[in-house]
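S.K.: need coordinates for the below:
(one chain, ligands or ions: 1)
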Amino acid sequence: MYKIIDLEVKGGDSGSLISLEQNKNIPFDIKRVYYIFDTKLGVTRGFHAHKKLKQVIICVSGSCEIMLDNGFDKVNIILNDPSKGILIESKIWREISNFSKDCVIVVVTDALYDKDDYIRNYEDFLKIVRR
Ligand code: T46
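M.R.: Residues are numbered from 1 along each chain as shown. You can find the predicted model right below:
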């Protein structure tokens, strides 16, 4: 349903640095990067799956929780480590919650933004993954 990618931390006495490189630690051609920050208290985001999109989600500051659902099983993951990427393939329902005030998520994707790639109805999602 997902894979954890260990991102090597570089840097020395001055602090830490992680670099994201396509087809190296990010297992696809990178087409888009976006980040989510300043999510209001109590808000849950997501509530969709993607038809084709693959993404790696990295929580670079603070913490949040992501629920992933492949239509058969669900799993909850706490994101609180900038050196871990969560690779999420297509056709996985996600809901992201419990954002800390300082939470920043960086998301690296294999495609440009396409609103038609979203499956926003849970019943439609179940039909697609269970057929
Ligand atoms: C995902 C989770 C982790 C754009 O214009 N371009 C973009 O690249 C994206 C991602 C969004 N938008 C617009 C569409 C909406 O008007 O930004 C607004 C908020 O997007 P959305 O409601 O989709 O945000 P989330 O946090 O529910 O979901 C996003 C991604 O869409 C989704 O792929 O997995 O972050």
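S.K.: quick one: average pLDDT of stretch 112-123?
M.R.: Computed over stretch 112-123, the mean pLDDT rounds to 98.
S.K.: next one: stretch 13-28
M.R.: 96.
S.K.: how about it: buried residues?
M.R.: Within stretch 13-28, the residues that qualify as buried by neighbour count (16 or more other C-beta atoms under 10 Å) are 18, 20, 25-26. To be clear about C-beta, it is placed using only N, CA and C from the backbone, and glycine gets the same treatment.
S.K.: now name the helix or strand holding Phe125.
M.R.: Assigned by DSSP states H and E, Phe125 belongs to helix 122-130.
S.K.: about what we covered before: got the buried residues of stretch 13-28 as a markdown table, with secondary structure columns?
M.R.: Listed next are the buried residues of stretch 13-28 as a markdown table, based on DSSP: H, G, I helix; E, B strand; the rest coil:
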| residue | secondary structure |
| --- | --- |
| Ile18 | coil |
| Leu20 | coil |
| Asn25 | coil |
| Ile26 | strand |
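S.K.: what's the most distant pair in these?
M.R.: Greatest spatial distance among those (C-beta to C-beta): Ile18 and Ile26, at 11.1 Å.
S.K.: Lys84 pairs with what?
M.R.: Asp6 (DSSP bridges).
S.K.: make sure it is actually in contact with Asp6.
M.R.: Yes: contact criterion C-beta atoms under 8 Å: Lys84 and Asp6 qualify, at 6.7 Å.
S.K.: settle it for me: which of these two has more neighbours?
M.R.: Lys84 (16 against 10; other C-beta atoms under 10 Å).
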